[in-house]
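Peer 1: let me see the structure of the following:
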Amino acid sequence: MTKSYRAAAAGQGLVEYALIILFVAITLVGALTILGGTLADFFQTAAAAFPGS
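Peer 2: Below is the predicted model:
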(Lines give C-alpha, C1' and ligand atoms only; values in the text may rest on other atoms or scores of the structure.)
Protein backbone atom coordinates (compact mmCIF):
# COMPACT_ATOMS: atom_id res chain seq x y z
CA MET A 1 0.00 0.00 0.00
CA THR A 2 1.16 3.46 -0.71
CA LYS A 3 1.31 6.12 1.94
CA SER A 4 -1.39 8.24 0.29
CA TYR A 5 -3.78 5.26 0.11
CA ARG A 6 -3.41 4.61 3.83
CA ALA A 7 -4.02 8.28 4.61
CA ALA A 8 -7.11 8.28 2.39
CA ALA A 9 -8.41 5.11 4.07
CA ALA A 10 -7.88 6.62 7.51
CA GLY A 11 -9.66 9.79 6.41
CA GLN A 12 -12.55 7.74 5.09
CA GLY A 13 -12.89 6.00 8.45
CA LEU A 14 -13.00 9.32 10.25
CA VAL A 15 -15.68 10.60 7.91
CA GLU A 16 -17.76 7.47 8.51
CA TYR A 17 -17.48 7.89 12.29
CA ALA A 18 -18.42 11.56 11.98
CA LEU A 19 -21.51 10.65 9.93
CA ILE A 20 -22.56 8.06 12.53
CA ILE A 21 -22.16 10.61 15.35
CA LEU A 22 -24.11 13.17 13.32
CA PHE A 23 -26.93 10.68 12.71
CA VAL A 24 -27.11 9.79 16.41
CA ALA A 25 -27.14 13.46 17.41
CA ILE A 26 -29.93 14.30 14.96
CA THR A 27 -31.93 11.30 16.16
CA LEU A 28 -31.53 12.33 19.81
CA VAL A 29 -32.57 15.91 19.10
CA GLY A 30 -35.62 14.67 17.21
CA ALA A 31 -36.59 12.24 19.96
CA LEU A 32 -36.19 14.85 22.68
CA THR A 33 -38.21 17.33 20.65
CA ILE A 34 -41.04 14.85 20.25
CA LEU A 35 -40.92 13.41 23.77
CA GLY A 36 -39.71 16.51 25.62
CA GLY A 37 -43.01 17.41 27.25
CA THR A 38 -43.69 13.86 28.31
CA LEU A 39 -40.23 13.47 29.81
CA ALA A 40 -40.54 16.76 31.69
CA ASP A 41 -43.88 15.66 33.16
CA PHE A 42 -42.42 12.29 34.15
CA PHE A 43 -39.46 13.82 35.98
CA GLN A 44 -41.64 16.43 37.70
CA THR A 45 -43.97 13.68 38.91
CA ALA A 46 -41.03 11.59 40.10
CA ALA A 47 -39.48 14.56 41.92
CA ALA A 48 -42.80 15.41 43.59
CA ALA A 49 -43.03 11.87 44.94
CA PHE A 50 -40.04 12.47 47.24
CA PRO A 51 -40.84 13.95 50.63
CA GLY A 52 -39.78 17.53 51.21
CA SER A 53 -40.06 18.61 47.61
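Peer 1: can you name the residues that contact residue 6?
Peer 2: Residues near residue 6 by C-beta atoms under 8 Å, 6 or more residues apart in numbering: none. Heads up, the C-betas are built off the backbone N, CA and C, glycines and all.
Peer 1: that one: which element?
Peer 2: Counting by DSSP states H and E, the element that carries residue 6 is helix 3-48.
Peer 1: for residue 20, see how far away residue 13 is.
Peer 2: 11 Å (C-beta to C-beta, to the nearest Å).
Peer 1: so where is the chain shaky, pLDDT-wise?
Peer 2: 1-3, 5, 7, 53 (pLDDT under 70).
Peer 1: centroid-nearest residue for it?
Peer 2: residue 25 (3.5 Å; C-alpha atoms, centre = their mean).
Peer 1: now that one: how far from residue 41?
Peer 2: In terms of C-beta to C-beta, residue 25 sits 24 Å off from residue 41.
Peer 1: and for residue 33?
Peer 2: Taken as C-beta to C-beta, the span from residue 33 to residue 41 is 15 Å.
Peer 1: just give the number of residues close to residue 31.
Peer 2: Neighbours of residue 31 under the rule other C-beta atoms under 10 Å: 11.
Peer 1: before we move on, what about residue 24?
Peer 2: Residue 24 has 10 neighbours, counted by other C-beta under 10 Å.
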